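Asker: Need coordinates for the following:
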Amino acid sequence: MASTDNVSPPAPVPGARSEGRDKASGPRSRKGAATRARLVQAAKAVFEEDGFLDARISDIAEHAGLSHGSFYHYFDSKEQIFREVAMAVGDLLQQPMYTSVFNGPSARTPAATIRHVATQFLASYRDEARIIGVIEMVSRYDPELTSIRFEYQEADRIRAAKAVRRMQQQGWADPSIIPEVALAAMSAMMNRFAEMWFVQKLFEFDFDDGVEQLVRLCLNALQLEDPAVDPNGR
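Answerer: Down below sits the predicted model:
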């Protein structure tokens, strides 16, 4: 696997947030959508194996079972499809927020919701660590990708802040915290912790222990009680 340590900035893709995504959608037919999805999946595999710099469009097309020219029917460049891969991985990491916070069952307690979100987030991060490592490396040199990822995550944090406010109104969470600030800090903690653990491999924790400690930190930050945890820490 080629190293990504010397990643240089991808060339800017004008309109990658709008025009680029329009083209990335390709034909509106079911076959066109399936072909585009196959290209994104193929690109993910190639970027995981070769890193960003050494990945070639011809390799992506071949991996998808398409001609080199067919690639350009859906994407303008390697940079553009890389950003699509990054967004697809972002969707996967954010999915627990949608299933548990935004559209989750009302019977689940706030503490149980946070435990579920943290568990699923860390499990997905662990499973996708190879491509996430490449994405994090490229993001350090690509302001366009960094901006897109931030805006993408910020939209979900705004929705999550509303959920925290509901917890405060119901007497579950500490009324003195500022949800937007607290969630930004918690999100940074979770992402950096996961990167150091699964991408950089700086820690060798038991998975359940890592999840439990992260959950306790989040619950403490919001001053939420967790009936599943022994108050004496046992």
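Asker: now the helices for the protein?
Answerer: Applying DSSP state H to the chain gives helices spanning 19-25, 30-54, 57-63, 68-71, 78-96, 110-127, 129-139, 143-169, 179-194, 207-222.
Asker: Compare those helices and give me the one nearest residue 201.
Answerer: Counting by CB to CB, residue 201 lies closest to helix 129-139 out of those; the figure is 8.6 Å. For the C-beta atoms, the positions are set from N, CA and C on the backbone; glycine is no exception.
Asker: Show me what that closest one is in contact with.
Answerer: Under the contact criterion CB atoms under 8 Å, 6 or more residues apart in numbering, helix 129-139 has outside partners 4-5, 7, 10, 44, 47-48, 51-52, 82, 85-86, 89, 125, 145-146, 149, 195, 198-199.
Asker: hey, C-alpha coordinates of stretch 150-162 in CSV?
Answerer: Coordinates of each C-alpha in stretch 150-162 appear next as CSV, following Å, rounded to 0.1, in the frame of the first residue of the first chain:
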residue,chain,number,x,y,z
PHE,A,150,-17.2,20.9,8.1
GLU,A,151,-20.4,22.2,6.6
TYR,A,152,-21.7,18.6,6.3
GLN,A,153,-21.0,17.9,9.9
GLU,A,154,-22.1,21.3,11.1
ALA,A,155,-25.6,20.7,9.8
ASP,A,156,-26.0,17.6,11.9
ARG,A,157,-24.5,19.4,15.0
ILE,A,158,-27.2,22.0,14.7
ARG,A,159,-29.9,19.3,14.7
ALA,A,160,-28.2,17.6,17.6
ALA,A,161,-28.1,20.9,19.5
LYS,A,162,-31.9,21.0,19.2
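Asker: for this protein, what are the low-confidence residue spans?
Answerer: Residue ranges of the chain with pLDDT under 70: 1-28, 102-107, 226-234.
Asker: Could I get the contacting residues of the residue nearest the centre of it?
Answerer: The centroid of the chain falls nearest to residue 90 when counting by CA atoms, centre = their mean (2.9 Å). Counting by CB under 8 Å, 6+ apart, residue 90 makes contact with 149, 152, 153.
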